[in-house]
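Novice: pasting a predicted model and its sequence here:
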Amino acid sequence: MVNVMESFSANSARSYLGRNVNLHLKDGAVIVNVQLTRIHKVSGKNNQIEYLLSKNRRTSRLPLRNVAWAELINSNFLQKAASSWQKMG
């Protein structure tokens, strides 16, 4: 099951901390399979979210206002897909 949200705020970002998500940006781009790690509170409404890239385990930051919504990734599906690929290769 995929959970999709309508708007993204600091409160909704907190519920995704430590979980793998696809971040859908307002410009139409998608950052695929990242783990949300922290919310950085900057003065005013310039809050940023920090996320961990799964491939290279590096963190990056993104202004919260650039995110349209987050899509929760089912980690069980990813694990099954990965094990299927290992069996085939």
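Specialist: In hand now; what should we look at?
Novice: would you map the strands across the chain?
Specialist: 20-25, 30-40, 48-53, 59-63, 67-72 (DSSP state E).
Novice: report the angle between the third one and strand 67-72.
Specialist: Translated: strand 48-53. Using axes from the mean of the first three to the mean of the last three CA atoms, to 10 degrees, one finds that strand 48-53 and strand 67-72 are set 40 degrees apart in direction.
Novice: how near is the residue nearest the centre of the chain to Ala13?
Specialist: Most central in the chain under CA atoms, centre = their mean is Val21, positioned 3.5 Å from the mean C-alpha point. Between Val21 and Ala13 the distance, using CB to CB, to the nearest Å, works out to 10 Å. To be clear about C-beta, it is placed using only N, CA and C from the backbone, and glycine gets the same treatment.
Novice: anything in contact with each of those two?
Specialist: By CB atoms under 8 Å, 6 or more residues apart in numbering, Val21 and Ala13 have these common neighbours: Leu36, Ala70.
Novice: thinking again about what came up before, which stretch among the strands of the chain comes nearest Ser9?
Specialist: When these are ranked by distance to Ser9, counting by CB to CB, first place goes to strand 67-72 at 9.3 Å.
Novice: can I get the closest one in CSV, CA atoms only?
Specialist: This file holds the C-alpha atoms of strand 67-72, laid out as CSV (Å, rounded to 0.1, in the frame of the first residue of the first chain):
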residue,chain,number,x,y,z
VAL,A,67,8.3,19.5,-1.4
ALA,A,68,4.8,19.0,-2.7
TRP,A,69,4.2,15.6,-1.0
ALA,A,70,5.9,12.4,0.1
GLU,A,71,5.1,8.9,-0.8
LEU,A,72,5.8,6.2,1.7
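Novice: shaky segments in this protein?
Specialist: Counting by pLDDT under 70, the chain contains low-confidence ranges at 1-7, 75-89.
Novice: bridging residues for Ala70?
Specialist: For Ala70, the beta-bridge partners under DSSP bridges are Leu23.
Novice: that one: how many residues sit nearby?
Specialist: Burial of Ala70, expressed as a neighbour count using other CB atoms under 10 Å, amounts to 23.
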